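Q: just the structure for this:
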Amino acid sequence: MKILVLNSGSSSIKYQLFDMRDESVLAAGSVEQIGEPGSHLSHSHRTPMAEMKKTVRTLPITDHRQGFQLISSILKETGALADTGELRGIGHRVVHGGEQFKEPARVTPAVLAAIRALIPLAPLHNPANLLGMEVAMETAPSVPQVAVFDTAFHQSLPPHAYRYAIPRNLYERHQVRRYGFHGTSHRYVAKKAAEFLGKPLESLNLISLHLGNGASAAAIQQGKCVDTSMGFTPLEGLIMGTRCGDLDPAIIFYLARETGLSSGEIEAILNKESGLKGICGANDMRTVGEMAAAGNAEAQLAVSMYCYRIKKYIGAYQAVVGMLDALIFTGGIGENADFIRAGCCENLAHLGLEMDNEKNIGQRGGCSALESEASRVKILVIPTNEELEIAEQTIVCLGAEQ
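A: The predicted structure follows:
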């Protein structure tokens, strides 16, 4: 049973092909710089020896339609997919599902129209996601298509968590509320934590930390998300690579008055020039860590601020979910930066969180438990796999139709 997962961006299409019988990756790659000079395809496929062989081709790719056709051709050429008739379905990542979509949805004209109506909430992402779905439906019309939404996992938030303290008509007319993002990742690692602990997800209280260039926290109570750090947009919450995270909103008005910057210019600063980059000049945590270790004071401050913000959310979310079963680290930073994990858990013994430093430093891939014997709460590292989660949700959605 083969599932193709597509993540369509404004100038790229990323893809993975899964054999869902054993959840193995048959092929993966991306079409980059569509419609631009230097457009290219990067493709890897599994050989009969179970090794991944990589191919890179630079060629003109004028639009997404040609990009998808190129993906279909390389999948056939490398033996991963003889034709689209082998596919059980195609799963699409969609950034924003608003309040309408609480679960994956079979792509229909009505679903496409609903996603299009949500473009004002995600003007950079939903148009590209839509384009990918439309091109895939044209190119493979007989293959069922499923939209999987980054916001869906957070639709279980209660009103007291998702509403902002602003006039009600701004919520009702303009949909201003907390939506949250990274939901596909939070859902995946929560399920894997339940498997790792050998307990039903519905019995667990968890805090998951998705830490990458974008970062978010989720409070999961008895298997359901009840709060999350990202809000109306992905700008709110934790400090990120280039995003500021939580900020006094009056700062925006102050900057507009004192600097003469436009709202668009301020928005660009908060999204692209802030976070770690704004504090120390680098947004990659590997670089920041090296700078801090070498004695750079700004980098050391960036690490301290990053971990401090996360610790505040850990404490807040532990108050929300009650007795905590596990704290989960995932994402590129969460899975690989031991000094960040250590900083986030430092001096939290009073909350039942005590890390074993030797386990933390020695953690190398896969699911791991890092807590000490004295810790009341499990501290887990669980690699995320959003593409596999999209494939699994695609199967569930299509199975529910039978």
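Q: wait, P158 touches V226, no?
A: Yes: P158 is in contact with V226 according to Cβ atoms under 8 Å; the separation is 6.5 Å. From N, CA and C alone the C-beta is placed, and that goes for glycine too.
Q: the more surrounded of those two?
A: For P158 versus V226, neighbours defined as other Cβ atoms under 10 Å are more numerous around V226 (20 against 10).
Q: what about that one, which helix or strand?
A: Assigned by DSSP states H and E, V226 falls within strand 224-228.
Q: what helices or strands is that strand leaning on?
A: Contact partners of strand 224-228 among helices and strands, from 3 or more Cβ pairs under 8 Å, 6 or more residues apart in numbering; DSSP states H and E: helix 183-197, strand 215-221, helix 297-321.
Q: just put the ones you listed in JSON lines and tack on mean neighbour count, mean pLDDT and distance to I328.
A: Putting the helices and strands packed on strand 224-228 into JSON lines (neighbours: other Cβ atoms under 10 Å; pLDDT from 0 to 100; distance: least, Cβ to Cβ, whole Å) gives the following:
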{"stretch": "helix 183-197", "mean neighbour count": "22", "mean pLDDT": "98", "distance to I328": "5"}
{"stretch": "strand 215-221", "mean neighbour count": "27", "mean pLDDT": "98", "distance to I328": "9"}
{"stretch": "helix 297-321", "mean neighbour count": "18", "mean pLDDT": "98", "distance to I328": "11"}
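Q: and those: which comes nearest N7?
A: Across the helices and strands packed on strand 224-228, N7 has its closest neighbour in helix 183-197 (10.4 Å, Cβ to Cβ).
Q: circling back to that earlier point, tabulate the helices and strands packed on strand 224-228 (a markdown table), appending distance to H96.
A: Putting the helices and strands packed on strand 224-228 into a markdown table (distance: least, Cβ to Cβ, whole Å) gives the following:
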| stretch | distance to H96 |
| --- | --- |
| helix 183-197 | 11 |
| strand 215-221 | 15 |
| helix 297-321 | 23 |
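Q: what residue is smack in the middle of this protein?
A: Centroid-nearest residue in the chain: H182, 3.4 Å away (criterion: Cα atoms, centre = their mean).
Q: my read: that one touches L209, true?
A: No: assessed by Cβ under 8 Å, H182 is found out of contact with L209, at 10.1 Å.
Q: that older thread, quick one: contacts for the residue nearest to the centre of the chain?
A: By Cβ atoms under 8 Å, 6 or more residues apart in numbering, the contact list for H182 reads 150, 210, 214, 216, 218, 230.
Q: CA-only coordinates of stretch 86-94 in CSV, if you can.
A: Extracted as CSV, the C-alpha positions of stretch 86-94 are listed here (Å, rounded to 0.1, in the frame of the first residue of the first chain):
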residue,chain,number,x,y,z
GLU,A,86,-0.3,2.1,-7.5
LEU,A,87,-1.1,4.8,-5.0
ARG,A,88,-3.7,4.3,-2.3
GLY,A,89,-3.7,8.0,-1.9
ILE,A,90,-1.8,11.3,-1.9
GLY,A,91,-1.6,13.2,1.4
HIS,A,92,-1.0,17.0,1.4
ARG,A,93,0.3,19.1,4.2
VAL,A,94,-1.9,22.2,4.6
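Q: need the residues that contact that stretch.
A: 1-8, 20, 81, 101, 104, 107, 115, 126, 129, 132-133, 136, 140, 143-150, 184, 386, 390-391, 393-395, 398.
Q: out of the residues you listed, which end up buried?
A: 2-8, 20, 81, 101, 104, 107, 115, 126, 129, 132-133, 136, 140, 143-150, 184, 386, 390-391, 393-395, 398 (16 or more other Cβ atoms under 10 Å).
Q: state the mean pLDDT of the strand holding V226.
A: Averaged across strand 224-228, pLDDT comes to 98.
Q: can you list contacts of that strand?
A: Contacts for strand 224-228 (Cβ under 8 Å, 6+ apart): 153-154, 156-158, 161, 178, 180, 183, 186, 216-220, 237, 317, 320-321.
Q: can you check stretch 69-76 too?
A: 13, 15, 17, 27, 29, 31, 41, 43, 45, 55, 61, 81-84, 139-140.
Q: which ones among these map onto strands?
A: Applying DSSP state E to the contacts of stretch 69-76, the entries found in strands are 13, 15, 17, 27, 29, 31, 41, 43, 45, 55.
Q: buried among these? Need that as a selection in ChimeraX.
A: Typed into ChimeraX, the line below selects the buried ones among the ones in strands among the contacts of stretch 69-76, using 16+ other Cβ under 10 Å:
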select :13,15,17,27,29,31,41,43,45
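Q: got the ones in strands among the contacts of stretch 69-76 as CSV, with distance to D248 and pLDDT columns?
A: Output for the ones in strands among the contacts of stretch 69-76, formatted as CSV (distance: Cβ to Cβ, whole Å; pLDDT from 0 to 100):
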residue, distance to D248, pLDDT
I13, 39, 93
Y15, 41, 95
L17, 46, 97
A27, 47, 95
G29, 43, 95
V31, 41, 94
L41, 45, 94
H43, 47, 95
H45, 50, 93
T55, 50, 91
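Q: can I get the ones in strands among the contacts of stretch 69-76 in a markdown table with distance to I119?
A: As requested, those are arranged in a markdown table below (distance: Cβ to Cβ, whole Å):
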| residue | distance to I119 |
| --- | --- |
| I13 | 19 |
| Y15 | 23 |
| L17 | 29 |
| A27 | 31 |
| G29 | 27 |
| V31 | 23 |
| L41 | 28 |
| H43 | 30 |
| H45 | 35 |
| T55 | 35 |
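Q: just the pLDDT for L170.
A: 98.
Q: wait, a helix at it?
A: Yes: L170: assigned to a helix according to DSSP: H, G, I helix; E, B strand; the rest coil.
Q: so where do the helices sit in the stretch 301-402 of the chain?
A: Assigned by DSSP state H, counting those that start in this stretch, the helices in the stretch 301-402 of the chain fall at 331-336, 338-345, 357-362, 386-400.
Q: right, and those - which one's nearest G278?
A: For these, proximity to G278 was assessed by Cβ to Cβ; helix 331-336 is nearest, at 17.0 Å.
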